[in-house]
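> Let's see this in three dimensions:
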Amino acid sequence: MVWALLPPIARAQDIEGGKTVFKKCAACHNADTKANKVGPTLKGVVGRAAGTVLGYSYSRAMKEVGAAGLLWDEPNLMEYLTNPKAKVPANKMGFPGLKNPDDIRNVIAYLKTLSG
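Numbers count the residues shown, from 1 in each chain. The predicted structure is shown next:
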């Protein structure tokens, strides 16, 4: 994977860029605590099964894809953050998605730093 070959400074810039992009998400999601807001916390989201944060009331669609084995790995997060309704139809997220692939990669890099 090319990502692992990048020097630490380049990775840090991507993470910082992702932290900036995450401000668009922060109105509905926490990333630094396990507390849910309008949306579920995203602390520890990378690698987590979809629809599984305790105490959050997910849509039936999100619960079903989680039960079917959807994990929030990088490829699934790329698809979902590009167009949430296309990846998981009938989910509750009103945000239409991020359109810049670099922004999506950067926000995923940031989310990867936030272990659950």
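> Is G55 in contact with K37, as I believe?
No - using Cβ atoms under 8 Å, G55 is not in contact with K37, being 11.4 Å away. To be clear about C-beta, it is placed using only N, CA and C from the backbone, and glycine gets the same treatment.
> who has more neighbours, these two?
Neighbour totals were compared for G55 and K37, and K37 leads with 14 against 9 (other Cβ atoms under 10 Å).
> where does R105 land in three-state SS?
At R105 the chain is in helix, as set by DSSP: H, G, I helix; E, B strand; the rest coil.
> burial count for the nearest residue to it once chain neighbours are set aside?
Excluding the flanking residues, the one nearest R105 by Cβ to Cβ, 6 or more residues apart in numbering is D14, at 6.9 Å. Burial of D14, expressed as a neighbour count using other Cβ under 10 Å, amounts to 19.
> Ok, G39 next?
Count around G39 with other Cβ under 10 Å applied: 18.
> That one: helix or strand, and which one exactly?
Counting by DSSP states H and E, no helix or strand carries G39.
> can I assume it is in contact with A26?
No - contact criterion Cβ under 8 Å: G39 and A26 do not qualify, at 10.1 Å.
> you'd agree M62 is up against A49?
No - counting by Cβ under 8 Å, M62 stays clear of A49, with 10.4 Å between them.
> hmm, who's touching stretch 58-66?
40, 49-52, 88-92 (Cβ atoms under 8 Å, 6 or more residues apart in numbering).
> May I have stretch 101-116 as CSV, with CA atoms only?
Output in CSV follows, covering the C-alpha atoms of stretch 101-116 (Å, rounded to 0.1, in the frame of the first residue of the first chain):
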residue,chain,number,x,y,z
PRO,A,101,-11.7,12.1,-3.0
ASP,A,102,-8.7,13.7,-1.3
ASP,A,103,-10.9,15.1,1.5
ILE,A,104,-12.4,11.7,2.0
ARG,A,105,-9.0,10.0,2.2
ASN,A,106,-7.9,12.7,4.6
VAL,A,107,-10.9,12.3,6.9
ILE,A,108,-10.4,8.6,6.9
ALA,A,109,-6.7,9.1,7.9
TYR,A,110,-7.9,11.3,10.7
LEU,A,111,-10.6,8.8,11.8
LYS,A,112,-8.0,6.0,11.9
THR,A,113,-6.1,7.9,14.6
LEU,A,114,-9.2,7.8,16.9
SER,A,115,-9.2,4.3,18.4
GLY,A,116,-12.4,3.3,20.2
